[in-house]
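Asker: fold the following and give me the result.
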Amino acid sequence: MSITDKRIFAFLALALAGASLVHPVVPAAEAPAFALCVAAIGLWATAALPEHVTALAFFTVAMIAGIAPAPVVFNGFQSGALWLIVGGLVMGLAVRSTGLGERIAHHLAGLFGTSYAGVVGGVTLMGMTLGFLMPSSMGRAVLLMPIALSLADRFGFAPGSKGRTGVVLAAAFGCHVPTFSVLPANLPNLVLVGAAESLWQVGFTYGRYLLLHFPVIGLLKTAVMVALIVRLWPDTPGRPAVAEAPERPMSGQEMWLGLLLAVALALWATDFLHHISPAWISMAVAVVLLLPRIGLVDNKAFNQQVNYGSVFYVAGIMGLGAVVDRSGLGARMAEAILAVMPLEPGAPFANFMGLSLLSSLVGMVTTLPGVPAVLTPLAGHMAEAAGLSVEAVLNSQVLGFSNPILPYQSAPLVVAIGLGGERLGPSQLLCLLLAAITVVALLPLDFLWWRLLGML
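Answerer: Take a look at the predicted model:
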């Protein structure tokens, strides 16, 4: 989407919001909330303004207009999901600044072999593996893409070659798409966790979430993605990778950070035993990393390099969901969706496919983090209509927002492609093909897996 297109669609969204105040399409009491939600979703979907600016504008207008009480508007700041992001930002900064992330990536790179399929598969696997260590897609993209480009150079894939395009796509999609199956690894996951917790008192555990989603949308989807890249952008290494200089010894800082990350990962994976939220595990590690003389992130780096804008963005998205629910718009939207969506008890496969496709289509309008903000308030109504549990309906969103139809839906994906110096055309083709294969093949497999686990 060009800058001009973004401005046009943003203007249309704002015009629709204004028109809905003059000629309400919902009861007058709900019209201000409807207009604010349309404007916010329109600006987030088009990125006509920076996401955090839209979030701050959402907070300001909601309070000035008295659309909802402050505890509702600022609901996101009370959610554990927001603090999981804050902890993840600090951890990501430490991984980059100590050099541990680059060391891990280069160790994995040594396992790739010298074939093109090995390089593409290895880079993709490296991105997926980093998803267990760095709870930030943007951080993983920033860390992994320079390493992927250096690998492309060493294997003789020059700029403009199919091989270089394949390596860039492997890094961009590998560090993002399969990691939707890892609870703290992506922003939409965290928005879903926060909204589900605040609206429906449904808690997500790391282990159960991983078991439910990783086998299909993690492993199988990664295998399909690698096969598509190798098939569509085939190439042959022009020369073997050159030998690297002897590796420097592992520093004390890297060992200390590695220990902290191992402890965090172990606690995340066993939260079904100790029942400590992933958010507070993340924050505990962040606090240790920020301690003077003990930690690995100094005050200057924290102030200058932590992306506070993403914090406001997430809080704004969650506040939007709370406003939708409080105003009654959630129930009204549920009635409209259920009127045209064939949800009925006794049809588990049709319900499963319908809910998953709905999530995918909503993501085209709201971008991926907006999916749980819009759909989570409707979960109870849809669960009742489909004869499913609220937990199953909430988890069906993951199948949709993990399946971007076009790259613009995901900011980390667009940023990663930009860092790789590639055009968006190849990534658009890969998105479309992955989405089609997911709908035709992977979602039916996921249905069978969910049935086996007793979710449906």
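
Asker: so where's the stretch 351-456 of the chain shaky on pLDDT?
Answerer: Along the stretch 351-456 of the chain, segments meeting pLDDT under 70 span 365-366.

Asker: and the chain, by the same measure?
Answerer: For the chain (pLDDT under 70), the answer is 1-3, 5-6, 102, 105-106, 108-110, 239-247, 272, 334, 365-366.

Asker: how does it divide into domains?
Answerer: Listed domain ranges for the chain are 1-49, 50-453 (source: automatic domain parsing).

Asker: out of those, indicate the one that is most buried.
Answerer: domain 50-453 (a mean of 20; mean count of other C-beta atoms under 10 Å). C-betas here are computed from N, CA, C, even on glycine.

Asker: end to end on it, go ahead and measure it.
Answerer: Domain 50-453 has an end-to-end distance of 41 Å (criterion: C-alpha to C-alpha, to the nearest Å).

Asker: show me where the stretch 51-200 of the chain has strands.
Answerer: Remark: no strands are assigned in the stretch 51-200 of the chain by DSSP state E, counting those that start in this stretch.

Asker: tell me where it has helices.
Answerer: Remark: helices assigned in the stretch 51-200 of the chain by DSSP state H, counting those that start in this stretch are 51-64, 70-73, 80-98, 100-109, 116-130, 137-154, 162-174, 187-200.

Asker: just put those helices in JSON lines and tack on distance to Leu445.
Answerer: Formatted as JSON lines, these follow (distance: least, C-beta to C-beta, whole Å):
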{"stretch": "helix 51-64", "distance to Leu445": "34"}
{"stretch": "helix 70-73", "distance to Leu445": "39"}
{"stretch": "helix 80-98", "distance to Leu445": "28"}
{"stretch": "helix 100-109", "distance to Leu445": "27"}
{"stretch": "helix 116-130", "distance to Leu445": "18"}
{"stretch": "helix 137-154", "distance to Leu445": "24"}
{"stretch": "helix 162-174", "distance to Leu445": "19"}
{"stretch": "helix 187-200", "distance to Leu445": "21"}
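
Asker: who wins for proximity to Gln253 among those helices?
Answerer: helix 80-98 (4.7 Å; C-beta to C-beta).

Asker: which phi and psi does Phe132 have?
Answerer: phi -80, psi -20 (degrees, to the nearest 10).

Asker: make sure it is actually in contact with Val182.
Answerer: Yes. At 6.0 Å, Phe132 counts as touching Val182 under the criterion of C-beta atoms under 8 Å.

Asker: spell out the secondary structure type for Tyr209.
Answerer: helix (DSSP: H, G, I helix; E, B strand; the rest coil).

Asker: pull the contacting residues for it.
Answerer: By C-beta atoms under 8 Å, 6 or more residues apart in numbering, the contact set of Tyr209 is 181-183, 189.

Asker: same thing but at 10 Å, please
Answerer: 181-184, 189, 192-193, 271, 278, 395, 398 (C-beta atoms under 10 Å, 6 or more residues apart in numbering).

Asker: with Trp200 instead?
Answerer: So Trp200 contacts 325, 376-377, 379-380, 383, 390-391, 393-394 (C-beta under 10 Å, 6+ apart).

Asker: grab the nearest non-local neighbour of Arg164.
Answerer: Phe157 (4.1 Å; C-beta to C-beta, 6 or more residues apart in numbering).

Asker: typed the wrong thing, it's Leu290
Answerer: Val297 (5.5 Å).

Asker: just to revisit the earlier point, mind picking the two most distant members of the contacts of Tyr209?
Answerer: Asp271 and Val398 (17.7 Å).

Asker: how far does stretch 266-284 stretch from start to finish?
Answerer: End to end - C-alpha to C-alpha - stretch 266-284 spans 14 Å.

Asker: brilliant, that's me finished.
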